[in-house]
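Undergrad: show me how the following folds:
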Amino acid sequence: GNSAASSSILEGGCVPVGPAASGKQSSSSASRLFGPIAYMELSNTGTGPADEMCRAGIARFRQRDFRGAMEKYEAALKLDSGHVGTLNAYALLNCDVGNLQKTEELYNKALSLYPEHAETLFNFAAYYQLMHGAAKFGECEKLYARALEVEPRQINCLFNLAALYNSRGAHKECFEVYKRILRVNPNHVDSMCNSGQLLQSHFRDLQTAQAMYTRALDISPNHDTTLYNFALLKLSQNKPLEAREMLERCVQVNPMHLWAACDLAVLAHSIDSDPDRSEKMLLEILSRDPTIPNALCNLGVLRQTVRHDVLGAIELYKRCLAVDPSHENAAMNLQMAHKALSNPPPAHPS
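TA: Residues are numbered from 1 along each chain as shown. Have a look, this model is predicted:
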């Protein structure tokens, strides 16, 4: 799941890159926003027996020894039935093993004892957000609002609230929350990156998006998602050489950023006119993850237009659409490929 603020799960849309003979090649048109953060660990510096037992449980949990952790948490709650750190940590364990009813019981117990405990309010909201999504939108919003009454400058809380609004398509509200975060911490790079993404994709304000990305990279030059989003912005402005420089930096920082690698493969074809290298790069990406939609679509275009292998292209477009049914370029290319099969071009005399 995309639970940590530092993760960057990216989503493939499609904008054509360079001229394609027939069939559009795809670059990712948008990245998903970061978030939400799954859990805030409580600082536990107490020296009582329940505190020590809770810390021992957390150590077991980190080693993925769930049974050992459960025993320690149960022992801590025998010593102090209202130990808030244990109630939160035990809730997280239950969520991890799929016991959601017990998770909710533990958070509800903690909040019945400490209704203004900011970390519990946050953790319960984040649990609802990650495990129940839209069904618990109202509960999440209320819990975050309660947490922010206690700690108005709590960045994790604001960050998750922004993700919550984004999941609803409430982009204006989402953007306002990022502005709040940047007032609290003007150097919060993930919020700058996400603000740039909203400006780019939803408000079509490329100038301010560019300023936001530039500011983010001044603070964190190796922020891979900012590099990637900025490259997409450059592609949309038809500046492929500047885009390529950023994509190369992105894969240098994060060799697992296969979306950026895919766009580099497309540029090898469209700028360098080197379909052999492009094909090799796309096959390498698909050997690492056979489900990257844009790699499948772009390889299909290459097979169709350069290798004249329409059947092979059709199979790749279908694989792309199986992974991402809303992939517009693959759907359009598949239609065109079927047409090409039923109306083959006249053979040229040799």
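Undergrad: break down this protein into its strands, ranges please.
TA: Here the chain has its strands, by DSSP state E, at 10-11, 30-31.
Undergrad: check those strands for me: which has the lowest mean pLDDT.
TA: Ranked by mean pLDDT, the strands of the chain bottom out at strand 10-11, with a mean of 26.
Undergrad: burial count for residue 62?
TA: With neighbours defined by other Cβ atoms under 10 Å, the count for residue 62 comes to 9. (C-beta placed from N, C-alpha, C; glycine too.)
Undergrad: for residue 301, same thing?
TA: 29.
Undergrad: and residue 242, by the same measure?
TA: Using other Cβ under 10 Å, residue 242 is surrounded by 14 other residues.
Undergrad: cool, residue 339 as well?
TA: With other Cβ under 10 Å as criterion, residue 339 counts 11.
Undergrad: for residue 48, same thing?
TA: Residue 48 has 12 nearby residues by other Cβ under 10 Å.
Undergrad: enumerate every residue touching it.
TA: Applying Cβ atoms under 8 Å, 6 or more residues apart in numbering, we find residue 48 in contact with 79, 80.
Undergrad: now do the contacts for the closest residue to residue 180 other than its chain neighbours.
TA: Leaving aside its sequence neighbours, residue 180 sits nearest to residue 158 (Cβ to Cβ, 6 or more residues apart in numbering; 5.7 Å). By Cβ under 8 Å, 6+ apart, the contact set of residue 158 is 148, 177, 180, 181, 184.
Undergrad: and residue 158, what's its pLDDT?
TA: 95.
Undergrad: may I see the buried residues of stretch 207-219?
TA: 209, 210, 212, 213, 215, 216, 217 (16 or more other Cβ atoms under 10 Å).
Undergrad: turn the residues you listed into JSON lines, including distance to residue 332.
TA: Output for these, formatted as JSON lines (distance: Cβ to Cβ, whole Å):
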{"residue": "209", "distance to residue 332": "27"}
{"residue": "210", "distance to residue 332": "29"}
{"residue": "212", "distance to residue 332": "32"}
{"residue": "213", "distance to residue 332": "30"}
{"residue": "215", "distance to residue 332": "37"}
{"residue": "216", "distance to residue 332": "34"}
{"residue": "217", "distance to residue 332": "34"}
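Undergrad: residue boundaries of the helices in the stretch 251-350 of the chain?
TA: When assigned using DSSP state H, counting those that start in this stretch, the helices of the stretch 251-350 of the chain occupy the ranges 258-270, 275-288, 293-305, 310-323, 328-342.
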